[in-house]
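Participant: A predicted structure for the sequence below; I have some questions about it.
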Protein chains: 2
Amino acid sequence: MPGLRERKKQELRHELSRVGIDQFIARGFATTTVDDIVAPLGASKRTFFRYFETKEDVVFAWYDELTHELVDTLRARPKHEPPYEAVCATLMSLLRLYDADRTRAIALQRLTRETPALVGKSFEKRAIWERELAAVLVSRLAKSATRQLRAEVIVATALAAFTHAVDQWAVDEGATDLHALVGKAFAFAKAL
Amino acid sequence: MPGLRERKKQELRHELSRVGIDQFIARGFATTTVDDIVAPLGASKRTFFRYFETKEDVVFAWYDELTHELVDTLRARPKHEPPYEAVCATLMSLLRLYDADRTRAIALQRLTRETPALVGKSFEKRAIWERELAAVLVSRLAKSATRQLRAEVIVATALAAFTHAVDQWAVDEGATDLHALVGKAFAFAKAL
DNA sequence: CATGAATATGGCATCGAGTGTCATTTGTCA
DNA sequence: TGACAAATGACACTCGATGCCATATTCATG
């Protein structure tokens, strides 16, 4: 079992992320200092930076937690399924997170969109997903000198379609149907 | 005509970028301070930050300079040309930059790849291209509730294919034919 | 060419992110 | 309970980034 020490660590990491995001949304990213995040929890700035490499990372803590799950999901897709469809189906599984708390998801998307530093970070994290998923996908493709590149292009395309759909949905304040929009974005990429 | 003042400004901006990149390549991004960049040119740190918002920006100064050119190139593509092909042709025009100085291009790509902060910045700049190009492309698409999204997906896909091809080329130290590789990447996206 | 307005620069002070170090506290396990 | 390992806090420090103001440079006009 996990043990008290490990449990406390995960809890603190989670709390730091929660408090941080709340403050960013309420008062803006730049105007919120690390001390502001740490104070309500009675922790020190030094501890904060043992849990997160940068201030930006608190916004995308959940990205890291999902990486393994995504990889597993893609691995579990039926062997005969075409590669692009497998990646699309994998990404679709993420939508439950947006469904779970639409208001927060939209606020978070807006926060990211309006903060250049966060835009960069989100892409940086996305690049990690890309690399991991492409590594899985490669094994599905016929051997060739360029199958690594092909895997990367397929994953990157699906991911780009996905994020643009989510972004559009958030810009519209959730007025449209997210699932349908993502589906359309996937279809757009398929029929270039 | 430009005037002395304007000419000096552009020259200094160019010099700052050149010296900065050189030092980053030679001694690493994190270990090079802004003072290190500014010293050989006899400028002050304060002046540096009047030319570049962040230290990262010196690496991507040429991105900004190319934005208008890219937009114009896309606008100039024949009206009947399918949208994806128009974007691909537009991006192809960038390859002359990589041909012009292959060694430096490869070194720069490596620098970016190995520096997380620069990875984020490069995506951030790419996102600007995406937005600009998508805005142009929209006018080529049939009116519909989702044509904005469709334009974004098309542009993002082409751009992703392009950068992954360049990246692969740089990883291989320029051993493969860049033009052919980019062409293949474009084809991979087209035939998902 | 002289002169005053507009603009670019440098120096200074300041804030805050991020890191190294070490003493102290807290969880673990025999 | 006592010893060991791991987590934390406090402190000092570096450096990116910004506001402020005095100085220097360019430009437009007479």
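Facilitator: Thanks, I have it.

Participant: contacts only, for the nearest residue to A:A43 once chain neighbours are set aside.
Facilitator: What sits nearest to A:A43 in space, not counting adjacent residues and going by Cβ to Cβ, 6 or more residues apart in numbering or on different chains, is A:L12, at 7.0 Å. Any C-beta I mention is one placed from the backbone N, CA and C, and that applies to glycine too. A:L12 makes contact with A:41, A:43, A:47, A:51, according to Cβ atoms under 8 Å, 6 or more residues apart in numbering or on different chains.

Participant: in the helix or strand hosting A:L12, which residues are buried?
Facilitator: Using DSSP states H and E, A:L12 maps to helix A:4-27. Buried residues in helix A:4-27, counted by 16 or more other Cβ atoms under 10 Å in any protein chain shown: A:12-13, A:16-17, A:19-21, A:23-25.

Participant: can you tell me which residues in chain A are near chain B?
Facilitator: Contact residues, chain A versus chain B (Cβ under 8 Å from any Cβ of the partner chain): A:84, A:116, A:119-121, A:123-124, A:126-127, A:146, A:148-150, A:152-154, A:156-157, A:160-161, A:164-165, A:168, A:181, A:184-185, A:188-190, A:192.

Participant: please repeat the previous calculation with a cut-off of 7 Å.
Facilitator: Within chain A, the positions near chain B by Cβ under 7 Å from any Cβ of the partner chain are A:84, A:116, A:119-121, A:123-124, A:127, A:146, A:149-150, A:152-154, A:156-157, A:160-161, A:164-165, A:168, A:184-185, A:188-190, A:192.

Participant: A:T73 and A:A158, how far apart?
Facilitator: Separation of A:T73 from A:A158 (Cβ to Cβ, to the nearest Å): 13 Å.

Participant: could you look up the SS state of A:A142?
Facilitator: Classification of A:A142 by DSSP: H, G, I helix; E, B strand; the rest coil places it in coil.

Participant: to clarify, my last question referred to A:F29.
Facilitator: coil.

Participant: how about it: what's its closest non-neighbour residue?
Facilitator: Among residues not flanking A:F29 along the chain, A:T115 sits closest, at 4.6 Å (Cβ to Cβ, 6+ apart).

Participant: which residue packs closest to the residue nearest to the spatial centre of chain A, ignoring adjacent ones?
Facilitator: Of all residues in chain A, the one closest to the mean position by Cα atoms, centre = their mean is A:Y63, 4.0 Å from it. In space, and not counting its chain neighbours, A:Y63 is closest to A:K125: 4.3 Å by Cβ to Cβ, 6+ apart.

Participant: how about the helices of chain A, start to end?
Facilitator: A:4-27, A:34-38, A:45-51, A:61-76, A:83-92, A:95-100, A:102-113, A:116-138, A:147-171, A:178-190 (DSSP state H).

Participant: any chance of the ones you listed in a markdown table, with mean pLDDT too?
Facilitator: Listed next are these as a markdown table, based on pLDDT from 0 to 100:
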| stretch | mean pLDDT |
| --- | --- |
| helix A:4-27 | 96 |
| helix A:34-38 | 98 |
| helix A:45-51 | 98 |
| helix A:61-76 | 95 |
| helix A:83-92 | 98 |
| helix A:95-100 | 96 |
| helix A:102-113 | 97 |
| helix A:116-138 | 96 |
| helix A:147-171 | 98 |
| helix A:178-190 | 98 |
